[in-house]
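Trainee: Here is a sequence together with a model predicted from it:
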Amino acid sequence: MITISQTIKAIKNSSAEDVVKQCLERIEGSKYNTFITVAKKEAIEAARNVNVHLGPLAGVPIAIKDNISTKGIQTTCASRILGGYVPPYDAHVIERLKEAGAVIVGKVNMDEFAMGTSTETSHYGPTLNPWDTKRVPGGSSGGSAATIAAGEVPLALGSDTGGSVRCPASFCGVVGLKPTYGLISRYGLISYANSLEQIGPIASNVEDMTLLFNVIAGHDPRDSTSVPGEKDYTNALVDDVKGLTIGVPKDYFGDGIDQAVEKSVWDGVHRLEDLGASWQEVEMPHTKYALAAYYVIAMSEASSNLARFDGMRYGLRLEKDHDWHTTYSEIRAQGFGEEVKRRILLGTYALSAGYMDKYYLKALKVRTLIKQDFERALKSTDVLIAPTMPTPAFKLGEKISDPLTLYMADVNTVPVNLSGVPSVSLPCGFSNGMPIGLQIMGKHFDEETIIRTAYTFEQNTDFHTKAPEVA
Amino acid sequence: MREESLKLRPYLDEVGVMIGLEIHVQLNKLNTKIFCGCPLDYHDDGPNTHTCPVCLGLPGSLPVINRKAVEYSIKVGLALGCSIEEHTQFYRKNYYYPDLPKGFQITQYDYPIASSGYINIEGEDGEVRIRINRAHMEEDPGRLVHEGGSIERSKHTLIDYNRSGVALLEIVTEPDIRSPKEARRFLDKLRNILGYLDVVDTTLEGSMRVDANISLAGGSRSEVKNISSHKGAERALLFEIVRQKNLLRRGGKVVQETRHFDEARGVTVSLRTKEEAHDYRYFPEADLVPLKVADWAPGIAETLPELPDARRQRFISRYGVTDDHAKSLTSEKQVADFYEQVAAEVDPKLAAVWIADVLKGELNYRSFSIDAYASEKMVQLVKLLAGDKITEQSGVEVIRTILDEGGTPDEVVAAKGLLKAGDDLVTAAVEEVISKNPGAVEDYQNGKHEAVNFLMGQVMKKTKGRADAKEVRKMIIQRV
Amino acid sequence: MITTKDVEHIGWLARLKMEEEQLEGYADQLNSVLDYFGQLDEVDTREVEPTYHVLEMNNVFRDDKVTDCLTRDEATGNAPKTQDGYFKAPRIL
């Protein structure tokens, strides 16, 4: 895998343009179907013109998940209904990246409209896990994590609504952060579930992830849910956990958790203990309802967020127009994949007259209880550590036929989105050659502590030095 | 208005017509739209030239509330006697229509910004209070053009999103209105108040749009949409009353439905698409945070101008004008301002007559606004009339001439020789006419009183219209 | 329990055209997920307020100042059908 510091060195030795060209070559030869759109011309031009003294990301190539708006570069959300859509504006995070001199090389694959845990619902075919091409890279930001694991680019942006940054980070053995809700502007992030999602930085190691996070986090007046203030998170890159109290929620080690995963995560906790931290078990009794609450809320919001796709201003339009309502229904039936349709139907139902109280409002109340679980658990602890995913990456096609089975894989990631707390996933072991990830969760706006914990763990283990054999 | 003369309308199911109105007021005196910085001056520009990712609803765009739109909404709420909500927030109203780019409208549902107000109007039998249930903020959809002219005959629909995202304040009344005429009066009064507040330019197309709900004798109500003028509202409601009465008389039932008002044909048409019962699935807009702005209300209340009803009372007590005149003079803020400027320098009662009864009529006839006539000119004119220097007819002529050709009253009077004829001249003219027309005099003495008019005409001709007609008539009758 | 008739109704509410043969399959899938959602009934939420926003933020505004618009070409550039600067949509009825 490639790091920022390697990239900066290479730029010094040659040029940003050469480095980007090599990156583009790797992408072109990719066997993993990581990219939907490669922005070759734009990338080379940007690299040619970049001022390499701008800062830590100057000249560094970065891949962008295809649900983030990039001006002049096709943005599809991996859906047929948005095929060919070229946004006339950049997302806020893209503006920040450009200001920092980062070079956007293209848009990476994802589950359609970010709905999925395996990148198998993409209209452009699944992305393959570089560690084992018969397995999924995780989702929905599968392309983002796989492209880093495959050593194609050093940095990527994903988005996390119910685990979509952390899951692929875990399955691909890389580092991914879901920040506190409100820290990274959502202006330009194509909405799936707007009260749950955040853009997340992904990299091959904690320092790189933090440098990227530093650039994209911060207030944006165009996002009403964006919190004021700017911080320098690189101050958290300290190898020290003395006195840190770790909470281990037993509710995150349920029946579905793979033995190897459980062992690796506990090994991780004990490693931190050796380094001066202490741990205690914490109770988070409403965890088992989080999955249902999450899906009700996410699907409800999705049913509304996706209502705008009608083929009038962008996207798919069929040859023949009938009357408005019929045309609209046909376009959507043909443009959306099965999983997206299912979620829109369920979300519509959960909000519909007579059912809103039972489903949507009920889920919002359960959400309150889950949020309170976190507040209680984090009163006496600094961070919580748990497995990111119940298993390592599963095989392609293994879980896709029954939606519920796939949903169950999100059991450890969704509570984090419901409560809005930050969580970082990083590799903590291997099982039959496949990476295992643990996630470090923290208090709202306390990214510093989880980054410090992650950094310390990483610096005192060697999982981050492993990479798959790239085809 | 005296409190004891007001009647609070009870909600009676058995009493005839019940009308409720939903008025969408465009806050078009803002500089920008409700959730984005696009400007509002699109009326002379082509379609889709005043849009951005937010008001186009492009994927990934997010709304941010215009602070001034909230201030204006509170201002209107206060002027309508509403309470301002402690905690107010926005909701999504989910439905599909080509003018709605996101597939939902950001509006308010629970916790609207203002509620429980009223407007007093001249009812069918005395002054009546029409209660206002709520006023809430929302965004305007785009504008549809039905190619082919009407919604039924169009081959396709053209969409212009320049209007999409303009701030709207939706004002909803209780069904206290009892007739189409009352509805029209309510709308006129509301427009008047809004003009005073200077938050809406009501002369712009689309600035006040009305949906009317009407039911007869407590039966099902029909909703009429697409009403764009106050006259249109009255016509649409009249049509509905007749339609519903006929339906009931034939033994049919009035269905609860939405109907579209066709202004050109003066009829309402059923929009019977498959959209039977609307399930809007209202839920809070997560891209916006709630507002706690009730504490803005006292500060905004201080900026409220004197409102029409209060001003009307003051005109009566301070200037001694009649209630009718006071109503007419306060019907538009600019006219009221004009009146007070003039009344500061001349006899207020005379000024009232000449502004309310004469000038307004002449302006209306020419579709002019009060700007077309300078207040100093009115002062000049009233002085001439007060000093008995010109006749009333001459006064009217002066106004008309100034409006059509320009000039000042003194100039027009001089140019047209309108100074009143002196008494001797008139008397001489009268005596001459009487002596020269014995036939007419005899007719009059024999009972044909219209003959006086002939004699008057002759005198006026002789004095080139400079005699005062009333005086002449008196003089003739005295002598014959 | 959702019936095929319910699926048809929800499909209409969501504007997703469905063929007759698809209705039963959808009903099965939706029912199994809704069954799972039913667990939420077990939770006692009588004294609990819903969480609409995880952050306790209020009063975020922008000033009433004009910002740049898109040009007409930018605004309509992605539209499949346009006419004289308008977006072209099917007839309503």
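Mentor: Thanks, I have the structure now.
Trainee: okay, now residue 269: neighbour count?
Mentor: Chain wasn't specified; assuming chain A. For A:Val269, the neighbour count with other Cβ atoms under 10 Å in any protein chain shown is 17. Just so you know, the C-beta spots here come from the backbone N, C-alpha and C atoms, and that holds for glycine as well.
Trainee: wrong one, chain B
Mentor: As a burial measure, B:Val269 scores 15 neighbours (other Cβ under 10 Å).
Trainee: Check B:Thr49 too.
Mentor: Using other Cβ under 10 Å: B:Thr49 sits among 17 other residues.
Trainee: C:Asn59 now?
Mentor: 13.
Trainee: ok, and the closest non-adjacent residue to it?
Mentor: Spatially, and ignoring its direct neighbours in sequence, C:Asn59 is nearest to B:Leu291 (5.7 Å; Cβ to Cβ, 6 or more residues apart in numbering or on different chains).
Trainee: Phi, psi for the one you found please.
Mentor: Dihedral pair for B:Leu291: phi -110, psi 140, per degrees, to the nearest 10.
Trainee: surely it meets B:Thr88?
Mentor: Yes - the pair B:Leu291 / B:Thr88 is scored as a contact, 5.0 Å apart, by Cβ atoms under 8 Å.
Trainee: quick one: common contacting residues for those two?
Mentor: Common contact partners of B:Leu291 and B:Thr88 (Cβ atoms under 8 Å, 6 or more residues apart in numbering or on different chains): B:Ile113.
Trainee: Just the pLDDT for B:Glu276.
Mentor: B:Glu276 carries a pLDDT value of 56.
Trainee: To clarify, my last question referred to B:Gly251.
Mentor: Value for B:Gly251, per-residue pLDDT: 86.
Trainee: and it, how many neighbours?
Mentor: B:Gly251 - counted by other Cβ under 10 Å - has 6 other residues nearby.
Trainee: Could you tell me whether it really is in a helix?
Mentor: No - the assignment for B:Gly251 is coil, going by DSSP: H, G, I helix; E, B strand; the rest coil, so no helix is present there.
Trainee: tell me the phi and psi of it?
Mentor: Here is the backbone geometry of B:Gly251 (degrees, to the nearest 10): phi 90, psi 10.
Trainee: so how far is B:Lys29 from it?
Mentor: Distance of B:Gly251 to B:Lys29, computed by Cβ to Cβ, to the nearest Å: 51 Å.
Trainee: contacting residues for the spatially most central residue of chain A?
Mentor: Chain A has A:Val165 as the residue nearest its centroid, 1.9 Å off, counting by Cα atoms, centre = their mean. By Cβ under 8 Å, 6+ apart, the contact list for A:Val165 reads A:Ser141, A:Ser144, A:Ala145, A:Gly158, A:Ser159, A:Gly176, A:Leu177, A:Lys178, A:Gly200, A:Ile202, A:Ser425.
Trainee: Format those as TSV; extra columns: neighbour count, pLDDT and secondary structure.
Mentor: Formatted as TSV, those follow (neighbours: other Cβ atoms under 10 Å in any protein chain shown; pLDDT from 0 to 100; DSSP: H, G, I helix; E, B strand; the rest coil):
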residue	neighbour count	pLDDT	secondary structure
A:Ser141	37	98	coil
A:Ser144	39	98	helix
A:Ala145	38	98	helix
A:Gly158	34	98	strand
A:Ser159	25	98	strand
A:Gly176	33	98	strand
A:Leu177	35	98	strand
A:Lys178	34	98	strand
A:Gly200	30	98	strand
A:Ile202	33	98	strand
A:Ser425	34	98	strand
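Trainee: which of the residues you listed sit farthest apart?
Mentor: Pairwise distances across the contacts of A:Val165 peak at 14.2 Å for A:Ser159 and A:Ser425 (criterion: Cβ to Cβ).
Trainee: so where's the chain shaky on pLDDT?
Mentor: Looking at chain A here, since you left the chain open. A:471 (pLDDT under 70).
Trainee: that's the wrong chain, I meant chain B
Mentor: B:1-15, B:218, B:272-277.
Trainee: any idea how far whichever residue of it sits closest to chain C is from B:Leu30?
Mentor: Closest contact between chain B and chain C, by Cβ to the nearest Cβ, is at B:Gly37 (3.1 Å). The spacing between B:Gly37 and B:Leu30, counted by Cβ to Cβ, is 11 Å.
Trainee: list the contacts for the residue nearest the centre of chain C?
Mentor: The residue lying closest to the centre of chain C (Cα atoms, centre = their mean) is C:Ala14, at 7.1 Å. Neighbouring residues of C:Ala14 by Cβ under 8 Å, 6+ apart: A:Ser303, A:Arg332, A:Ile344, A:Leu345, A:Thr348.
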